[in-house]
Each structure stands twice: as C-alpha cells, then as structure tokens.
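Enquirer: Quick check, what structure comes out for this input:
(4 chains, ligands or ions: 8)
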There are 4 protein chains.
Amino acid sequence: MRILMIGDIVGRLGRQTLQTYVPKLKSAYQPDVIVVNAENSANNGRGVTKEIVREFRSLGVHCLTLGNHTWGQSEIFDFIEEEEHLVRPANYPEGTPGKGFTTLSTPKGKVTVMNLMGRSFMSPLTLDCPMKSFEKMYKQISAGHYILVDFHAETTSEKQSFAWFVDGKASAVIGTHTHVQTADERILPKGTAYLTDVGMVGPYDGIIGMDRELVIRRYLTQLPVRFEVAGGRFQLNAVLLDFDSSTKKARRIQRIRIDEDSPWFH
Amino acid sequence: MRILMIGDIVGRLGRQTLQTYVPKLKSAYQPDVIVVNAENSANNGRGVTKEIVREFRSLGVHCLTLGNHTWGQSEIFDFIEEEEHLVRPANYPEGTPGKGFTTLSTPKGKVTVMNLMGRSFMSPLTLDCPMKSFEKMYKQISAGHYILVDFHAETTSEKQSFAWFVDGKASAVIGTHTHVQTADERILPKGTAYLTDVGMVGPYDGIIGMDRELVIRRYLTQLPVRFEVAGGRFQLNAVLLDFDSSTKKARRIQRIRIDEDSPWFH
Amino acid sequence: MRILMIGDIVGRLGRQTLQTYVPKLKSAYQPDVIVVNAENSANNGRGVTKEIVREFRSLGVHCLTLGNHTWGQSEIFDFIEEEEHLVRPANYPEGTPGKGFTTLSTPKGKVTVMNLMGRSFMSPLTLDCPMKSFEKMYKQISAGHYILVDFHAETTSEKQSFAWFVDGKASAVIGTHTHVQTADERILPKGTAYLTDVGMVGPYDGIIGMDRELVIRRYLTQLPVRFEVAGGRFQLNAVLLDFDSSTKKARRIQRIRIDEDSPWFH
Amino acid sequence: MRILMIGDIVGRLGRQTLQTYVPKLKSAYQPDVIVVNAENSANNGRGVTKEIVREFRSLGVHCLTLGNHTWGQSEIFDFIEEEEHLVRPANYPEGTPGKGFTTLSTPKGKVTVMNLMGRSFMSPLTLDCPMKSFEKMYKQISAGHYILVDFHAETTSEKQSFAWFVDGKASAVIGTHTHVQTADERILPKGTAYLTDVGMVGPYDGIIGMDRELVIRRYLTQLPVRFEVAGGRFQLNAVLLDFDSSTKKARRIQRIRIDEDSPWFH
Ligand SMILES: [Fe+2]
Ligand SMILES: [Fe+2]
Ligand SMILES: [Fe+2]
Ligand SMILES: [Fe+2]
Ligand SMILES: [Fe+2]
Ligand SMILES: [Fe+2]
Ligand SMILES: [Fe+2]
Ligand SMILES: [Fe+2]
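Expert: Ligands and ions are numbered 1, 2, ... in the order given. Predicted coordinates:
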C-alpha cells in the first residue's frame, strides 16, 4: 500500500499548484491513496467550500482532512455531515457536526484516515484528549486496516508524544498545521511512520502562505490586520508512505518538497 | 566564511554527542566559526553551567547562544556578565544580566552572533519586539560584519516573519527551540540564509530530548510530572552556512542530520 | 439550610486567620455547614497537607475544596483518595486520584459539594468541559440535595456562563481562584445563588497573598522568581448562603469581608 | 477633587443606561470629573464610534478610556489622533495612533488620566511593560496633578502589582476589563485609591454583557459563534473617588452598583 499525503493547501495558489502537480505525482509515484489537508484551501485561507471539495475529488484525491480552520467557511455546516471521506479533528466535543475518521476501500485493502488536533497553543484549547480519542476510534476499527493519522498540532512535543503513544497501532502519523516541512521522517521501533509536519502547498514567498507585508505589520504594530493569501511563486510539500501488506506497518517514508529553489524532475 | 551552527544541546547525552562529533565535523567541513545553542545542556535539560561552558570551549565552540531556558541553572547569574561570547535573548527587558549579541574576530572577518526570542506562545511572553531589538543592535554594528541570528521561537509564522524582516541585513537567521529540524532551508531574495529550526543534539528516542514515558504521562493525566532527559540512542542536528566575503550574504545553506537511521560517513 | 463558604486560605497567615475567625463566625451566623477552599493552605501557598486538613477539621470545617494547586504538595497523593469530604476539580481526566464531589449528611438535609475548574487561562488547560462534568454528576445525585459548586476559574465570562448554565439545578455557584472578592452577589432567576469570586483568607498587603516585592520583581524583570506567602496584616473573605428547605433554592446571599480597613464587630 | 469613574459601557443598553443615570449621579454626587471606559460602547460591543464619543460628551463625560477593544471599529483611526481626552492603552508600541494619557484642566486643578493595559492573558500579548510605561509618563507630568489610571487587565495579580508599584505616585488605580465589580476598594498605605475592577454598564442578564445563549453555546460546542450584546435589564457599576487638594492623595473610595436587585434611591 502506498499513500501520498499532501500538506495544508493554502488558497487559490495552493489549489492551482495541486492541479498542476497531482497528475505528475500520480504518474511518478503511483500512489494507491491520496490524502490532502484542506483546512486552508478556501480563497482567504480559512476553511473549505463544497466546490473546492469537488475540485479535489476530480483530481483524484481520495480523502480530505481538516484542522483548526475547519469552520472557516460557514457553508461547511451544509455538507460536512454527508460528504464522504472528509474528516475533521475527531476530538471535538461529542455532538460536533462531521466525523473524525473514515475508511477507504481500495483494491489493496482498507485504509482508515483519522484527523486529530493537539491542544497545546491551539484554538479552541478545549478539545478531548487526542490520545484517548485515538484509542476510542481504534477500538471501532476492525483489525487489518492501514491507519493514517493527520495530527494537526502546534508543538513538536505534543506531536512526538502522540506518535510514540500510538507506535505499532497506527501505520503512520503525519503532522500538519505549522505549514513548514520538518526533516525528521522516521519509522518508530514498532512500525509507525512519523513526520512532525508535512508542510504546506501554496505561496513560497508568503509567511506560512499569507501575504508577508500584512503579517509583519501585525507583529510590528499589534494592530488588527486582516491576513490575505500571498501570491507569486509556489511550493508543494508532501510525503510518500509505503506499508507492508501483511503487517500494515511502515516500510518507507519519503519527504517530497517542490519549489523554485528545489525543482522537481520526473 | 563558513559557520557551523549546532542546535539545542540536550543534557549529558547531547554533550557526549557533541564531544564525539565536533572533531569529525571540523575535519569534514573546516568551519571558521562554530556556534551552539546551549540552553538545554545542563544535566536536567534546563540551562547551562560554567563547567559546561568550559567543556564546549575546549571542543572548539566559539560562541554559545541561549533561549527561554537561559535562567534554568541559578549559577548562570554568576558568570553570564563576564563570560565572553555567551549570548542570551537580546529582547529581555533592559537591565537583564548578560548581553544579546557578541562579535567574534576571525582571520576571515568579524562575525556578530545575536540571540533573540519570539513572543508567541513563549514564556515569559513579555519581551521586547524582536524585530525592533534587531534594528537597535544592527545600528550598533559596524558595516562589514557577518551577522548570524539564533532566533529562538515556537511558531513558524513568527520565525518566517522575522527572517523576511531582516532579509538583506542579517547573513543568516537560524531558528531554534522546537528541537526538530525543518526541511525548508533557503536563501531569501536579498541574501539571508534561513532555516526555521536547526533541530537538537541529544536523545533520539525521547520527546524533544526528554524521557518519553514522563512526557506522555503528563499529557494523559494532566498531573505534575517532573521531566528528565532521556537516554539511549543519539541524534545531532546542525546547519552549515557559507557566506560571500565581499557582500557578507549567504551563498549556501546545508542541513546536517545524524542519527542511527541517518548515519554519517566521512 | 445555611452554608458558610470561605475562600482560598493562603499559607500560615491564612490558617491563623481562620483559627481566629471561624469560632466568631460560627457564633455570629450559626452556619449548618462550613466549606473552605484549601488549595493554597500549605506554608508555601501551594496545595494542602494531611496535617492542615486535620487542623481545619478541628475548627469545624465540614468540607474542603481545591483547585489548580491541588497537587502542590506531593503528599496529597497519600490521602486524597480516602480523605472524606475533600474534593478536587471534578473535570480532571478520568482516573485522576480523588473525587470531584461529596455529600454531607446534616440534620437539616443532604448537601452535595462539587468542585469544578474553568479552562480559560488555567493550567492545565486540558480538562473536561465543566458544564458537561456538572451534568454527569447531577445525574448521580438524588433529588432533594442542596448543591454547592466551588467553581475555580480565572475569567468572569466562564464563571458567569457556568452559573447561568446550572441556574435552577445548583443551589449556589461560588467562584474561587482570583483571590479577590467580587461585588456581584445575586440570585439568578431560577434560584441559584451566585458570586463570581468569594476572595481569599490571608495576607492583606501581599499580591493575591504572595510577597509583593517578589511578584513585582518578576513582572519587571521577567526573571524566574520563587514566590513566598506574604506576612503582616490579614484579610478574610467569605460568603453566607441561605437556602429554602423545600425547594433547595437560594433565599439569600451575603458577602463577608473582614480586614483592618473593614473591621468586624460581633 | 471628586472623580466619578464609570466602567466599561457595553453596547446600546450600556449607553442608554448611561444616559439615564449620569444626570442622576451628577446631581447626587457633584463630581468634578467624569471618566468612562468606552471600549465596548459600539452597538456590537467592540470599540467606539465618533458619534458615540459625541453622545458621551453631551452627557458631561470629560474623558474616555479604552482597552483591548480600542480598534474594534475601524473608524477609530479617523479620529483617535485629534479627539481630545480620549486615551488608549499607553503601552502599545511606539508609533501607535492615539495617546496614552491626557490632562484635564478643571477649576479645582489638573487631572491626568492614563490608560494602561496588562499583559497576562490579554491580546495582543506583546505590549510594553505597563509599570515602565507609567514611569515614563509620570516623568512628563508636572507635579501637582491628580493622576487617575484606568488599568485594563485580566488578572488580579497584575492589577494589584501595578497598584502597589505606583502607590504614592498615582492618586488612584481603577481596574477595568473583567466587567465584574470587585469588593476590594481600599486606600493603599502611601495614598493611592485602588479597586481591582470597577465593573460594567449594560445588560444585567448577559454574560459580561453579551447574549448568554451565544456565549454558553461557544463554551459547549467549541464552534465559532459571533457574540452579540444582550438586551433586557440593566446594570451600572462605578466608583466615586475623593482626593485631598494639597497632597493629591486619596481620601475616600466608594463603589456604586445599581441594578434591579440593587436599586438606587436618590
Ligand atoms: Fe491549522
Ligand atoms: Fe493549516
Ligand atoms: Fe531548547
Ligand atoms: Fe527553548
Ligand atoms: Fe487560590
Ligand atoms: Fe487557584
Ligand atoms: Fe470591556
Ligand atoms: Fe477589555
């Protein structure tokens, strides 16, 4: 089983980059499943719309994950319940619209994708414990699934803690949210592939994707400044995961980083 | 000019790893200057002692930087004032013991090393603006220095903002604090080398260097748990920077990552 | 039913003040039940010891509540399980030692005392929802109890929200933690007595009970400073609650404030 | 010198309450100066408009203070510079529009009103030190002024620290922001009148003035909910301060609380 997990898609430029590169990545790597984090894919970088979900589907994306920007577009409430293979952090309070995990049936087996959110320095801070939420979901999943967790969190400490906690149970834990790819890919001792953050897709010259003049102005003046997605050059960050078909454990984890300083030849 | 910047040294295992690898790194890369972040180098992972400073000097480390753990060992107050080439975040309030930047004289020119701390999700939260602190120091530095900033911060947003803000003024901005190396090394348009985080030196199987059972227990129980530095296998993360001798701008930035899954051959 | 609820007892001076005034308060007001918040009663202002619990019992205190300093003395783990009528915030994670509510049997009826903690700006931030925790406990309590909630929280918003949420179910919601008595006592429309904060017992000239030179030094220097309980003059803050014996609803709420500027004559 | 300081005016109901009660308060207490905190006086509870400033002036309000909601209405940038006797927190970064203190000339002497903001749990967190900001302003004020500080902060600890720090220099430190009046009015040993929070003016049955269904829904669901100012019954909270004409120190501090449970007879 080979899964391509692509990090937070930011705004129009992120979506355009996806449109250009998904076909190339498919042809180069032949992934069985493609998962993207869609929490910043709306034009203003906050949330996702129904139309964008359709756009991603038509590119061959199998599953969408979210994060702290889940509710960024108010129309999400109209489709989050019925939309298949769209997951939001599972550790929102009981009764929250949407679901925290979904199972994809593929010719090579079942893949369960979970989305969870960290609690350190995240907003809202008051989610259920992601470790205990994982355990609850894990009990509901039949043996023999590949389990991929998109762990959306701020701190490296919380991300590493979660990954070690589920080592041997999840096939892979891939971090999202910081929009910067980390260089610490590894396979933990009991077989879980781990990367602290997969990074983002979108502007290369913004600040985590947003217009940098605006972000810097806010840091300097402490005045309210409304952020906008940056334009210009692009970047794409993703990770390719290979799993063993009998153990469902990770065999290989490879980071993908494409931008104008790191062009991609295939 | 070639600078080797090595990330947060964590505890005894971090120091042992440094002892083993600094000679190898020197022989392989011939850096003109070696800088290490020492904020976690004491046995318990908090702060630095006089003896550890001496140990680092004897390895050929030219300059030590710090961060939010600056005051972790109370003896720091006895030597921070007079100790040469030991810098703590410059944006502490006026009157704070120690200094925020220092200038090294080398046969190939002067290198000013600055230490600054971010304010988002850091403790204490109430530091001066790091951008304005940089500008104040920058005015005090004669033209023609290489300027290396160790920017100690939590969020990718604040780190990127700072780097873009000083692009063309600093020769390099290297992030520390998260203990995880990021994969986004680049040279910004006006010549500043940038890496969001250089990563740590110390335990490979801990959680950002600390014993993982203890960290996970605290996340799970929310009870007070005193952290200890982990043992076992090691990792070393660093970055190698080459600068142009006339412009003082960056020519090359190369990440170094050594651990048992990523062995180092030289 | 008349309950005297006394706010956070801080250090030795807080305990001495209690020793002096509890007999006077008993004789003046004849309360059926006395509850005190003991989270700061140890000598250093953090937590409570077995000996201090005994001291409070011998004064006629019926029930002790706690808060974010519950675990401040490590010996708490030795007695929190078996100690009767000692409650810690109920919304700690499942499996936390101790209990979140207790029922006192009095000649005039049963009084259930609950302790809950807010989540805004509190540490740890990751507790269960206090509103949902209340509802779980409420279902376990037979009808006809008086229910007193010590709601230990930082923000007025969270305290008011909780009180309105349980209006008509709890007999009284009394806030603790800020150590400053508020002047907003009232009976909500469905019968719950409410006070945002009852205030503290201990030093009158400290900063929320701690030595003020130390606290101010920390604000000014941002250096680590270990706080100590202040000495000198005292203050006592409490609230007297009268409930209707048939409806268990509040009939009257009266603040008590005693200090050298507000002496007490009885 | 007698000053009437009135706490955060919240929305339309707050303004209507002010319109009803300012004439009565003037006639009953004959204050020389009236100061109100206007940070929540716009219809949605965020910021203040030019028209509302005029409305307050026509009621005889001499000076307006602000807080973390200073920039809540974007039109503030059009008038904050030239509007006389309208102050925003003085410890915003240098270059911020508006001023942090103003001096009123009255027949009985000069009154300087300062506005400062705390940094604990406030947004933005990155203001200058309020204690040092006070000292800078204090040096600019000629001797013989009455000095009133509106200290806008979340924690009781930071408010008390500030008041003790300026004891003997400020004539009074009155806290705002929590919207709940505290019962700890006192005159500190060197003559500064102090009250941790003066409380708000506006809805009596909201949550710190906002519609309580909306606030509770956000606590329960953690979903984004846009708050609105509540309607219904009113409350008014204020404080009356008397100062000695020769020493400029406080002689008396008296809380005022008016609501339907605490009617006002004059
Ligand atoms: Fe996110
Ligand atoms: Fe994101
Ligand atoms: Fe560190
Ligand atoms: Fe650090
Ligand atoms: Fe307390
Ligand atoms: Fe507390
Ligand atoms: Fe306010
Ligand atoms: Fe405010």
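Enquirer: use CA for all of it now, contacts and neighbours both
Expert: OK.
Enquirer: The residue of chain A most remote from its centre and D:Thr126: what is the separation?
Expert: Most distant from the centre of chain A: A:Thr221, at 32.0 Å, with distances by Cα atoms, centre = their mean. From A:Thr221 across to D:Thr126, the span is 10 Å (Cα to Cα, to the nearest Å).
Enquirer: quick one: pLDDT of A:Leu125?
Expert: Looking at A:Leu125, its pLDDT is 71.
Enquirer: who's in contact with the closest residue to it other than its chain neighbours?
Expert: Ranked by Cα to Cα, 6 or more residues apart in numbering or on different chains and with sequence neighbours excluded, the top spatial neighbour of A:Leu125 is A:Arg119, at 5.3 Å. Taking Cα atoms under 8 Å, 6 or more residues apart in numbering or on different chains, we find A:Arg119 in contact with A:125-127, A:129, A:153, C:126.
Enquirer: pretty sure A:Asn37 contacts A:Ile9?
Expert: Yes. Counting by Cα atoms under 8 Å, A:Asn37 does reach A:Ile9; the two are 6.4 Å apart.
Enquirer: Run a quick neighbour tally on the nearest residue to A:Thr182 once chain neighbours are set aside.
Expert: Leaving out its chain neighbours, the residue that sits closest to A:Thr182 by Cα to Cα, 6+ apart is B:Thr182, at 3.8 Å. Other residues near B:Thr182 number 24, with proximity taken as other Cα atoms under 10 Å in any protein chain shown.
Enquirer: so how far is A:Arg255 from B:Thr182?
Expert: For B:Thr182, the distance to A:Arg255 - Cα to Cα - is 12 Å.
Enquirer: repeat for A:Tyr138
Expert: 26 Å.
Enquirer: cool, A:Glu94 as well?
Expert: On the measure of Cα to Cα, A:Glu94 and A:Arg255 end up 35 Å apart.
Enquirer: Flag the shaky bits of the stretch 101-250 of chain A, pLDDT-wise.
Expert: Residue ranges of the stretch 101-250 of chain A with pLDDT under 70: none are present.
Enquirer: can you give me the helices in it?
Expert: A:130-140, A:156-165, A:212-221 (DSSP state H, counting those that start in this stretch).
Enquirer: closest one to ligand 4 among those?
Expert: Each of the helices of the stretch 101-250 of chain A has some distance to ligand 4 by Cα to the ion; the shortest is helix A:156-165, at 11.8 Å.
Enquirer: what packs against that closest one?
Expert: If you count contacts as 3 or more Cα pairs under 8 Å, 6 or more residues apart in numbering or on different chains; DSSP states H and E, helix A:156-165 packs onto helix A:130-140, helix B:212-221.
Enquirer: between these, which gets nearest to ligand 3?
Expert: Of all those, helix B:212-221 comes closest under Cα to the ion, at 15.4 Å.
Enquirer: the more surrounded of A:Glu94 and A:Arg255?
Expert: Of the pair A:Glu94 and A:Arg255, A:Arg255 is the one with more neighbours under other Cα under 10 Å, namely 20 against 11.
Enquirer: The residue nearest to A:Leu125 and A:Asp197, how far apart?
Expert: Counting by Cα to Cα, the gap from A:Arg119 to A:Asp197 is 16 Å.
Enquirer: A:Ser157 too?
Expert: Relative to A:Asp197, and taking Cα to Cα, A:Ser157 is found at 12 Å.
Enquirer: same thing with A:Arg233?
Expert: According to Cα to Cα, A:Arg233 stands 21 Å off from A:Asp197.
Enquirer: Check A:Leu188 too.
Expert: Noted for A:Leu188: a distance of 16 Å to A:Asp197, by Cα to Cα.
Enquirer: likewise A:Ser105?
Expert: A:Ser105 is 26 Å from A:Asp197, by Cα to Cα.
Enquirer: got it, and A:Arg57?
Expert: 24 Å.
Enquirer: Mind checking which residue lies nearest the centre of chain A?
Expert: A:Asn37 (3.4 Å).
Enquirer: what bridges to it?
Expert: Per DSSP bridges, the residues bridged to A:Asn37 are A:Thr65.
Enquirer: The residue in the stretch 101-250 of chain A positioned nearest to chain B: what's it in contact with?
Expert: Closest to chain B within the stretch 101-250 of chain A is A:Thr182: 3.8 Å, counting by Cα to the nearest Cα. Contact partners of A:Thr182, counting by Cα under 8 Å, 6+ apart, are A:195-199, B:180-184.
Enquirer: and with 10 Å instead?
Expert: By Cα atoms under 10 Å, 6 or more residues apart in numbering or on different chains, the contact set of A:Thr182 is A:156, A:175, A:195-199, A:255, B:180-184, B:196-199.
Enquirer: one step back: neighbour-wise, which of the contacts of A:Arg119 leads?
Expert: In those, the most neighbours by other Cα under 10 Å go to A:Leu127, 26 neighbours.
Enquirer: Please identify the residues of the stretch 1-150 of chain A in proximity to ligand 1?
Expert: Proximity of the stretch 1-150 of chain A to ligand 1 is confined to A:Asn68 under the rule Cα under 5 Å from the ion.
Enquirer: Please identify the buried residues of stretch A:142-153?
Expert: A:145-153 (16 or more other Cα atoms under 10 Å in any protein chain shown).
Enquirer: ok, A:Arg57 and A:Asp197, which is more surrounded?
Expert: Neighbour count, other Cα under 10 Å: between A:Arg57 and A:Asp197, A:Asp197 has more, with 33 against 13.
Enquirer: Can you name the residues that contact that one?
Expert: A:Asp197 neighbours (Cα under 10 Å, 6+ apart): A:7, A:150-154, A:156, A:159, A:173-185, A:237-239, B:180, B:182-183.
Enquirer: Now do the same for A:Thr65: its pLDDT.
Expert: So A:Thr65 comes in at 98 (pLDDT).
Enquirer: thought it was touching A:Ala38?
Expert: Yes. Counting by Cα atoms under 10 Å, A:Thr65 touches A:Ala38, with 5.9 Å between them.
Enquirer: how about stretch A:29-40 as CSV, C-alpha atoms only?
Expert: The C-alpha trace of stretch A:29-40 is given here as CSV (Å, rounded to 0.1, in the frame of the first residue of the first chain):
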residue,chain,number,x,y,z
TYR,A,29,4.7,7.5,-7.7
GLN,A,30,1.6,5.6,-8.5
PRO,A,31,0.0,6.0,-5.0
ASP,A,32,-2.9,3.9,-4.1
VAL,A,33,-4.4,6.6,-2.0
ILE,A,34,-4.1,10.4,-2.0
VAL,A,35,-4.9,12.4,1.1
VAL,A,36,-4.8,16.2,1.4
ASN,A,37,-5.3,18.6,4.3
ALA,A,38,-7.9,21.1,3.1
GLU,A,39,-8.3,23.3,6.1
ASN,A,40,-6.8,26.4,4.3
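Enquirer: So is it next to ligand 2?
Expert: No. In terms of Cα under 5 Å from the ion, no part of stretch A:29-40 sits within range of ligand 2; the closest distance is 5.5 Å.
Enquirer: Okay, buried residues for that stretch please.
Expert: Applying 16+ other Cα under 10 Å to stretch A:29-40 flags A:31-40 as buried.
Enquirer: Greatest separation within the residues you listed: which pair is it?
Expert: Spatially, the most separated pair among those is A:Asp32 and A:Asn40, at 24.4 Å (Cα to Cα).
Enquirer: hmm, back to that, could you tell me which residues touch both of A:Ser157 and A:Asp197?
Expert: In terms of Cα under 10 Å, 6+ apart, A:Ser157 and A:Asp197 are both contacted by the residues B:Val180.
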